[in-house]
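Q: here is my input; please provide its structure:
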Amino acid sequence: MKLAHPSFTLDPKASAVLAELHGRSQRQLPSLIFYFLWRSIPRWLLGQRTIAMDERAQSFLSDKLIALAQDKCELCHLLCRALGATRIVEVGTSFGVSTIYLAAAARENTGSAARKPIVVGTEIDPRKVAAARQNLEQAGLGGYVDIRQGDARETLRDLDGPIDFVLLDSWIPLARPMIEMLAPRLRPGAVVICDNTVQFSEQYRDYLTFVRTPANGFHSTQMPYRGGIELSVRSRGAEPWHPADA
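A: Sure thing, here's the model as predicted:
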């Protein structure tokens, strides 16, 4: 589902950076589709659900934005604004496209914040980390983002809570271990967005089982955006996070 939000605007500086990045991401899309189909078909024939992220794949992806679609970015921004989110986590920062939307929401929430709003992002590729930081600076939002380089299972291990919003848009096998690690740090009512859960429903099966099991502390629903989104809300009955829980 492609949604148009003609009234959705960010400030001119951020909008200019986003226009260039969204355009570049669209131009890269055909080569990405061809590449992953070429690599996926032999694995599907063998019954393998995921694509191995070997050195060849990492090299090919090193200059690819693989950005969250614009309508999904706008949704994340609006959800963060509605939540008054001041502690936002992004797993899979890449070149920082969705990060700009999240950081803009954090900045707009500054007035009601009891703590400094911050987006904590994580990205394993150092070249993408550098590019994301540069894009955020150009968008005037660098002061609202902490991008951590490395494996998310390590970079976010000691992350402080309570967390208001999480965006999961990374290597699919990371989704389940990341939600298990972050769940105790989510405040009741926090929102988690996971991308492409319809398109890759089989690959996301473990993640979806976790967030759709009420005993794990979530209410969850599928949203019909292109490729699908799983929107999960931390149950109000879930135990609040305290620093001593870390």
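
Q: residue contacts, the spatially most central residue of the chain?
A: Most central in the chain under C-alpha atoms, centre = their mean is residue 167, positioned 3.1 Å from the mean C-alpha point. Residues near residue 167 by C-beta atoms under 8 Å, 6 or more residues apart in numbering: 68, 76, 88, 89, 90, 91, 92, 98, 102, 192, 193, 195. C-beta: built from backbone N, CA, C; applies to glycine.

Q: at 7 Å what do you get?
A: Shown in contact with residue 167 (C-beta atoms under 7 Å, 6 or more residues apart in numbering): 76, 90, 91, 98, 102, 193.

Q: isn't residue 159 up against residue 186?
A: No - using C-beta atoms under 7 Å, residue 159 makes no contact with residue 186, being 11.0 Å away.

Q: all strands for the chain, in order.
A: 87-91, 118-123, 145-149, 163-168, 186-195, 218-223, 229-234 (DSSP state E).

Q: the fourth one vs strand 229-234, what angle?
A: What that stands for is strand 163-168. With axes from the mean of the first three to the mean of the last three C-alpha atoms, to 10 degrees as the basis, strand 163-168 and strand 229-234 are set at 160 degrees to each other.

Q: one step back: not counting sequence-adjacent ones, nearest residue to the residue nearest to the centre of the chain?
A: Excluding the flanking residues, the one nearest residue 167 by C-beta to C-beta, 6 or more residues apart in numbering is residue 90, at 4.7 Å.

Q: pull the contacting residues for residue 14.
A: Residue 14 touches 100, 104, 139, 140, 141, counting by C-beta under 7 Å, 6+ apart.

Q: how much space between it and residue 142?
A: 11 Å (C-beta to C-beta, to the nearest Å).

Q: what does residue 13 give?
A: Separation of residue 13 from residue 142 (C-beta to C-beta): 11 Å.

Q: where does pLDDT dip in this protein?
A: For the chain, applying pLDDT under 70 flags the ranges 1-7, 28-65, 112-114, 237-246.

Q: could you report the neighbour count for the residue nearest to residue 167?
A: Neighbours of residue 90 under the rule other C-beta atoms under 10 Å: 30.

Q: which strand residues sit across from it in the sheet?
A: Counting by DSSP bridges, residue 90 is bridged to residue 121, residue 167.

Q: contacting residues for it?
A: Listed by C-beta under 7 Å, 6+ apart, the contact partners of residue 90 are 98, 99, 102, 119, 121, 167.

Q: if we go to 8 Å?
A: Residue 90 neighbours (C-beta under 8 Å, 6+ apart): 98, 99, 102, 119, 120, 121, 122, 166, 167, 169.

Q: quick one: residue 25 and residue 197, what's the gap?
A: According to C-beta to C-beta, residue 25 and residue 197 sit 20 Å apart.

Q: of those two, who's got more company?
A: Using other C-beta under 10 Å as the criterion, residue 25 and residue 197 rank with residue 197 on top: 26 against 20.
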